[in-house]
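**Q** coordinates only, sequence not included:
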C-alpha cells in the first residue's frame with residue numbers, strides 16, 4: 001500500500017532557526033556557561049541553510065578535539081537544544097523528560113552523573129537568593145511516583161472555559177512543581193525548559209523565547225524562590241517571567257532588582 005502519512009520535515013525560516021539557537025545559547029547561562037565564538041558562527045551558517053545539524057556537530061566536535069574544551073558543554077548542549085526544538089513531535093509523559101535529558105547530555109557529564117536516568121541520591125544546592133540555603137527537592141525514592149502523580153493530575157485538568165491568564169498560571173504551577181522534584185543529578189533547568197517549550201506548543205501558544213535567551217538566570221532564580229520554604233517563598237518573580245513569555249507583558253526581569261527586593265547584595 002502507499003504511505004498515508006507525510007514525513008514531518010518542517011521547513012523553518014532563518015529567523016526561527018536563529019531564535020532556537022539563541023534560546024539554546026541563553027539557557028547555558030543557568031550554569032554559568034557561554035558558547036564559543038566558533039559555535040555562534042556555525043549557528044549562523046546552519047540558520048542560513050548552509051549547514052545541517054549533523055554537519056555542525058561534526059565541525060564543532062573536530063574543533064573541540066584541538067581547542068580549549070571549556071566551552072564544549074555549552075556548544076554541544078546548545079546544538080542539541082536547537083535541534084530538539086526544531087522537531088515537532090511530543091509526548092506528554094515523564095518518559096519524555098528522560099529522553100530530553102539523554103539527548104541533551106549524552107557524553108557531556110562525568111561518568112559519575114547518570115544521563116537519561118533519574119537520580120539515585122538526594123541532593124542540595126546553596127542558592128544565593130536563599131542566602132545560602134537550598135530548595136528541598138524530592139526524595140530520590142519518590143521521583144517516579146511523584147512525577148507520575150503530577151503528570152496524571154495535569155493530564156486530567158480541565159482547561160476549557162479558563163481565561164488565558166488562568167491557563168498560564170496553571171501551566172506555571174505545573175512546571176514549577178516538576179522543577180522542584182529535580183529528577184536528575186544535573187541539567188534539570190535546561191531539561192525542564194525544553195520540555196516546557198514543547199508542551200506550550202501543544203497548547204498553541206506563541207512562545208516569546210526572548211526571556212529564555214536574555215533572562216535564563218532570572219528564570220532559574222525565580223524557580224528557586226517559587227519553591228523555597230514558606231517564609232522565603234516569593235512567587236511573583238516566576239509569574240512576571242511567565243507573563244512576559246506567554247502574555248506579551250513587559251515586566252522587568254532584572255536580577256539586580258530581584259536581589260534588591262530580597263534585601264541581598266550580589267551585584
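**A** Received the coordinates, thanks. Small disclaimer: the values here were computed from a predicted structure and weren't measured.

**Q** ok, now which ones touch residue 20?
**A** 12, 81-82, 85-86, 209 (Cβ atoms under 8 Å, 6 or more residues apart in numbering). Where C-beta positions appear, they are placed from N, C-alpha and C, glycine not excepted.

**Q** surely residue 127 meets residue 217?
**A** No: with contact defined as Cβ atoms under 8 Å, residue 127 does not reach residue 217; the gap is 11.8 Å.

**Q** residue 216 and residue 253: what is the separation?
**A** 10 Å (Cβ to Cβ, to the nearest Å).

**Q** before we move on, which element is the nearest residue to residue 52 once chain neighbours are set aside in?
**A** Leaving aside its sequence neighbours, residue 52 sits nearest to residue 46 (Cβ to Cβ, 6 or more residues apart in numbering; 7.2 Å). Using DSSP states H and E, residue 46 falls within helix 37-48.

**Q** would you mark the buried spots in that helix?
**A** Across helix 37-48, burial judged by 16 or more other Cβ atoms under 10 Å covers 39, 42-43, 46-47.

**Q** same for the helix or strand following that helix, what does it pack against?
**A** Following helix 37-48 in sequence order, the next helix or strand is helix 53-66 (DSSP H and E). On a contact count with 3 or more Cβ pairs under 8 Å, 6 or more residues apart in numbering; DSSP states H and E, helix 53-66 meets helix 37-48, helix 72-86.

**Q** export these to JSON lines and tack on distance to residue 25 and mean pLDDT?
**A** Converted to JSON lines, those look like this (distance: least, Cβ to Cβ, whole Å; pLDDT from 0 to 100):
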{"stretch": "helix 37-48", "distance to residue 25": "7", "mean pLDDT": "97"}
{"stretch": "helix 72-86", "distance to residue 25": "5", "mean pLDDT": "97"}
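
**Q** strands of the stretch 51-200 of the chain, residue ranges please.
**A** Shown for the stretch 51-200 of the chain, no strands are assigned by DSSP state E, counting those that start in this stretch.

**Q** pretty sure residue 74 contacts residue 36?
**A** Yes: under the criterion of Cβ under 8 Å, residue 74 is in contact with residue 36, at a separation of 7.5 Å.

**Q** quick one, helices of the protein?
**A** 14-27, 37-48, 53-66, 72-86, 94-105, 143-156, 164-181, 188-203, 210-214, 216-226, 236-247, 255-261 (DSSP state H).

**Q** residues of the last one that come out buried?
**A** I take that to be helix 255-261. Neighbour-count burial for helix 255-261 [16+ other Cβ under 10 Å]: 255, 258-259.

**Q** gap between it and the chain center?
**A** Computed by Cα atoms, centre = their mean, to the nearest Å, the chain-centroid distance of helix 255-261 equals 22 Å.
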